[in-house]
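Visitor: Structure, please.
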Amino acid sequence: MSYNDVVLLLGSNINNPCKNIEIALEKIENNIGLILIKSDLILTKPVEFDSINNFCNIAIKLKTHFSPIRLLSELKNIEIEMGRLKDSSYFDTYQDRIIDIDIILYNNIKFISKGLIVPHHKNLYEREFAKEIIRFVK
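Guide: Numbering: from 1, shown residues only. Alright, predicted model coming up:
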């Protein structure tokens, strides 16, 4: 079985955000693959929407045998298990969230489908906080 190197970015800004990240990391390790590297947790202000709730963010690198689509499905399942029933695409805007898990890089491939685009352009090239912590796990 072959394994894939993946970089994920996790964020949470409600209901004890740093604890939410900790729970999500445990679920990722139990259900998806081995976490190889973690950035430090950082606190950031919301980007592209207004909220009084700051985010707790972390970037991780992991090994998984899942395909990009299967990985996305498993990550969405974790978000749902943790209480995020609808993502930003449903609301057509960003909102506070208990957990958000984005696939940033998947090996060195470009992957485009209806629900997933890798590399994740905004987090790699536009959002300063994301660029900062992702560079520690690439």
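Visitor: Contacts only, for the residue nearest in space to the middle of the chain.
Guide: Geometric centre of the chain, nearest residue: residue 101, 2.5 Å, by C-alpha atoms, centre = their mean. Neighbouring residues of residue 101 by C-beta atoms under 8 Å, 6 or more residues apart in numbering: 8-10, 24, 28, 75, 78-79. For the C-beta atoms, the positions are set from N, CA and C on the backbone; glycine is no exception.
Visitor: could I get those residues as CSV with neighbour count, distance to residue 119 and pLDDT?
Guide: Shown next, in CSV, are the contacts of residue 101 (neighbours: other C-beta atoms under 10 Å; distance: C-beta to C-beta, whole Å; pLDDT from 0 to 100):
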residue, neighbour count, distance to residue 119, pLDDT
8, 26, 12, 96
9, 24, 11, 95
10, 26, 17, 97
24, 25, 21, 98
28, 22, 19, 98
75, 24, 16, 97
78, 21, 21, 98
79, 20, 20, 96
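Visitor: ok, those vs residue 1, which is closest?
Guide: Closest to residue 1 out of the contacts of residue 101 is residue 28 (18.4 Å), distances taken as C-beta to C-beta.
Visitor: name the element that closest one belongs to?
Guide: helix 17-31 (DSSP states H and E).
Visitor: quick one, whichever helix or strand comes after that helix and helix 17-31 angle?
Guide: Note on helix 17-31: by DSSP H and E, the next helix or strand toward the C-terminus is strand 33-38. Interaxial angle, strand 33-38 versus helix 17-31 (axes from the mean of the first three to the mean of the last three C-alpha atoms, to 10 degrees): 140 degrees.
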